[in-house]
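Trainee: Kindly generate the corresponding structure for this input.
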Amino acid sequence: MLMAFNSSHLSVVFTFLFFLLALVVVVIPHSSAAANHFLKLPLLHKNHYPPTSPESLSADNRRLSTLFSAIGKRSHAQLPLHSAASFGSGQYLVSLHLGTPPQRLLLVADTGSDLTWVSCSACRSNCTPRAAASFFPRQSATFSPHHCFSPACTLIPHPKKAPHCIHTRLHSTCRYEYSYSDGSVTSGFFSHETTAFNTSAGKLLKFQPLSFGCGFWNSGPSVSGPSFNGANGVMGLGRGPISFSSQLGHQFGHKFSYCLMDYTLSPPPTSYLLIGGGGSAAAKPKLSYTPLLRNPLSPTFYYIGIENVIVNDTKLPISPSVWAIDESGNGGTVVDSGTTLTFLAEPAYKKILAIFERLVKLPTLSEPIPGFDLCLNVSNGGGSPGTILPQLSFQLAGGSVFSPPPRNYFIDAAEDVKCLALQPVASAAGFSVIGNLMQQGYTFEFDKDRARLGFTRRGCAVQ
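Mentor: Have a look, this model is predicted:
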């Protein structure tokens with residue numbers, strides 16, 4: 001995925017299912033609570049799986065370069081926005097209905113950014129096929145841009161040459177502009193609109209108003225064209241106050257979770273995004289928890305603390321400073337929905353690679369696949385790769401242990417070839433990233449109120 005490189009950068013979008021107008025509509029104001037209700041939205045993985053080595057590496061490297069460059073760069077002191085939307089092999093899409101009457105859109109789900117934005121068109125009727133892939137605000141009875149003097153307008157990045165804001169002028173709109181590291185740009189009006197969902201209670205919920213970017217001017221591969229993969233925008237799931245999950249938090253408890261199913265299975269099972277607690281405590285599987293850490297220079301991202309790395313029964317000699325966030329905001333470990341592979345600080349990566357090379361008894365390739373340091377020939381492995389590959393475990397802050405199966409960190413790079421799906425982070429200005437391949441088969445719950453990340457394999461892994 002690609003990411004924005006400064007606080008005027010944006011990202012995130014999702015997809016919503018078609019809701020029939022004949023259904024009963026329930027409108028829930030901001031002040032009401034719906035602790036026992038939640039939204040369960042299918043996540044679509046439109047690229048083939050597994051991604052090819054060039055696809056996953058190039059997309060992830062573009063995404064990380066933007067994530068790293070976003071640290072500490074802010075055009076607004078209060079709430080810098082950093083886009084982490086990735087538009088490569090690792091993206092997941094979610095369906096959203098926006099406007100009155102509702103218009104169905106597909107958005108990229110992105111935990112690495114706050115702003116939700118959609119591609120917009122001023123077309124009213126007889127629209128071209130290209131415009132048909134957009135949201136049409138002139139066809140909605142509830143669309144309204146924020147005024148440039150609105151408090152909400154202070155939360156987003158603005159164009160450098162934005163028109164002068166006139167306090168008394170009714171149509172002095174709030175303009176935003178988000179740039180990406182490859183030169184792509186989305187720009188338009190920061191607006192609010194009604195959106196609709198099916199709740200766990202089986203009724204249609206209208207949420208009003210949802211603040212989002214209505215992008216009339218979008219250019220570059222990050223926000224348009226084939227690499228955008230048919231998406232209409234980005235759904236921001238970051239930790240900031242204008243993210244999609246934060247705005248719905250008044251109704252659903254400032255909590256969301258997702259289950260990324262194993263895409264090595266055929267046909268691939270459906271993954272889900274849940275907004276809210278997911279039902280009663282008695283019906284939920286028991287989760288392991290680790291604290292969500294704060295990085296003041298990157299407040300959007302979900303940081304966790306790694307204390308030790310264990311391979312089989314061996315604790316690796318890695319200094320705690322390798323995982324620490326320094327005073328410049330560098331370092332630490334981020335859990336990210338938009339990166340496919342897992343990227344680890346280089347000192348830790350070298351230790352893991354060395355012990356894997358020592359423990360693995362399978363033959364390595366005579367000609368390594370570019371971009372991977374360890375690739376194995378599993379055609380005559382003498383057993384299931386899952387039983388003969390080392391077990392990698394992360395001991396996290398708070399005492400929990402994350403021990404994914406080997407298929408989460410060995411990628412099928414070719415027929416009978418598995419490569420270690422870890423990459424080093426050599427830059428001192430970077431941080432480690434737990435990618436979505438490592439997260440497959442787990443439910444991850446992002447609890448903002450309690451500042452903790454929960455995870456479990458129960459209820460997510462296919463039996």
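Trainee: Which strand residues bridge the residue nearest the centre of the chain?
Mentor: For the chain, the residue nearest the mean C-alpha position is Asp110 (2.6 Å; Cα atoms, centre = their mean). Taking DSSP bridges, one obtains Gly236 as the residues bridged to Asp110.
Trainee: Give me the pLDDT value at it.
Mentor: At Asp110, the pLDDT value in this model is 85.
Trainee: repeat for Asp313
Mentor: Taking Asp313 on its own, its pLDDT is 93.
Trainee: What is the neighbour count of it?
Mentor: 7 (other Cβ atoms under 10 Å). For the C-beta atoms, the positions are set from N, CA and C on the backbone; glycine is no exception.
Trainee: got the buried residues for the longest strand along the chain?
Mentor: In the chain, taking DSSP state E as the definition, the longest strand is strand 204-219. By 16 or more other Cβ atoms under 10 Å, the buried positions in strand 204-219 come out as 204-207, 209-216, 218.
Trainee: Same check on stretch 106-122?
Mentor: By neighbour count on 16+ other Cβ under 10 Å, the buried set for stretch 106-122 is 106-121.
Trainee: Nearest to Ser337, out of those residues: which one, please.
Mentor: Distances from Ser337 to these, taken as Cβ to Cβ, are shortest for Thr111 (4.4 Å).
Trainee: Can you report how many residues neighbour the residue nearest to Phe252 when sequence neighbours are not counted?
Mentor: Of all residues not flanking Phe252 in the chain, Gly276 sits nearest, at 3.4 Å (Cβ to Cβ, 6 or more residues apart in numbering). By the measure other Cβ under 10 Å, the count of residues near Gly276 is 24.
Trainee: pretty sure Gly276 contacts Lys255?
Mentor: Yes: taking Cβ atoms under 8 Å as the definition, Gly276 is a contact partner of Lys255 at 6.3 Å.
Trainee: On the three-state scheme, the residue located most distally from the centre of the chain is what?
Mentor: Seen from the C-alpha centroid of the chain, the residue lying at the greatest distance (Cα atoms, centre = their mean) is Thr168, 38.8 Å away. Three-state call for Thr168 (DSSP: H, G, I helix; E, B strand; the rest coil): coil.
Trainee: How about Phe394?
Mentor: Here Phe394 is recorded as strand under three-state DSSP.
Trainee: If it is in a bridge, with which residues?
Mentor: The partner residues for Phe394, given DSSP bridges, come to Val309, Phe402.
Trainee: for Ser211, same thing?
Mentor: In beta-bridge terms (that is, DSSP bridges), Ser211 pairs with His192.
Trainee: Could you verify my assumption that it touches Gln247?
Mentor: Yes: shown here, Ser211 and Gln247 form a contact pair, counting by Cβ under 8 Å, at 6.5 Å.
Trainee: Can you tell me how far Gly331 is from Leu344?
Mentor: Shown here: Gly331 relative to Leu344, a distance of 12 Å by Cβ to Cβ, to the nearest Å.
Trainee: quick one, which of those two is more surrounded?
Mentor: Between Gly331 and Leu344, counting by other Cβ under 10 Å, Leu344 is the more crowded of the two (26 against 21).
Trainee: list the helices and strands the helix or strand hosting that one packs on?
Mentor: Here Leu344, judged by DSSP states H and E, is contained in strand 342-345. On a contact count with 3 or more Cβ pairs under 8 Å, 6 or more residues apart in numbering; DSSP states H and E, strand 342-345 meets strand 422-425, strand 432-434.
Trainee: Quick one: closest of these to Gln395.
Mentor: The minimum distance between Gln395 and the helices and strands packed on strand 342-345 falls on strand 432-434, with 13.9 Å, by Cβ to Cβ.
Trainee: Give me the contacts around that closest one.
Mentor: Residues from elsewhere that reach strand 432-434 (Cβ atoms under 8 Å, 6 or more residues apart in numbering): 64, 67, 304, 306, 323, 332-336, 339, 342-345, 348, 425.
Trainee: taking these one by one, which sit in strands?
Mentor: Filtering the contacts of strand 432-434 for strands - DSSP E - leaves Ile304, Ile306, Thr333, Val334, Val335, Thr342, Phe343, Leu344, Ala345, Val425.
Trainee: Could you let me know which of those ends up closest to Ile156?
Mentor: Nearest to Ile156 among those: Val334, at 22.1 Å, using Cβ to Cβ.
Trainee: Next, count neighbours for the nearest residue in space to the closest one that is not next to it in sequence.
Mentor: The shortest distance from Val334 to any non-neighbouring residue, by Cβ to Cβ, 6+ apart, is to Phe301 (4.7 Å). Neighbour count of Phe301, defined by other Cβ under 10 Å: 26.
Trainee: Can you tell me the SS state at Phe301?
Mentor: Three-state call for Phe301 (three-state DSSP): coil.
Trainee: That one contacts Thr333, doesn't it?
Mentor: No: Phe301 is not in contact with Thr333 according to Cβ under 8 Å; the separation is 9.7 Å.
Trainee: Low-confidence regions, the stretch 51-200 of the chain specifically.
Mentor: Residue ranges of the stretch 51-200 of the chain with pLDDT under 70: 51-91, 128-132, 169, 180-182, 198-200.
Trainee: Thr443 contacts Gly459, doesn't it?
Mentor: Yes: the pair Thr443 / Gly459 is scored as a contact, 5.9 Å apart, by Cβ under 8 Å.
Trainee: all helices of the protein, in order?
Mentor: 53-70, 244-247, 249-252, 346-359, 385-388, 436-439 (DSSP state H).
Trainee: any idea of the mean pLDDT in the fifth one?
Mentor: Translated: helix 385-388. 62.
Trainee: for the third one, same thing?
Mentor: The pLDDT scores in helix 249-252 average 80.
Trainee: Stretch 343-359 too?
Mentor: Mean predicted confidence for stretch 343-359 is 96.
Trainee: and that stretch, which residues are buried?
Mentor: Phe343, Leu344, Ala345, Glu346, Ala348, Tyr349, Lys351, Ile352, Leu353, Ile355, Phe356.
Trainee: what's the farthest-apart pair in the residues you listed?
Mentor: Once Cβ to Cβ is applied, the buried residues of stretch 343-359 give Phe343 and Ile355 as the farthest pair, at 18.4 Å.
Trainee: Asn312 touches Gln391, doesn't it?
Mentor: Yes: with contact defined as Cβ under 8 Å, Asn312 and Gln391 form a contacting pair (5.6 Å).
Trainee: So for those two, which residue has more residues nearby?
Mentor: The neighbour count for Asn312 versus Gln391, taken as other Cβ under 10 Å, is higher for Gln391 (15 against 10).
Trainee: Now that the more buried one has come up, it's in contact with Pro406, right?
Mentor: Yes: the criterion here is Cβ under 8 Å, and Gln391 meets it with Pro406 at 7.2 Å.
Trainee: Which of the buried residues of stretch 106-122 sits closest to Met261?
Mentor: Using Cβ to Cβ, Ala109 is the member of the buried residues of stretch 106-122 that lies nearest Met261, at 14.3 Å.
Trainee: Now for the closest residue to Pro406 other than its chain neighbours, how many residues are close by?
Mentor: Among residues not flanking Pro406 along the chain, Leu389 sits closest, at 4.0 Å (Cβ to Cβ, 6+ apart). Neighbours of Leu389 under the rule other Cβ under 10 Å: 23.
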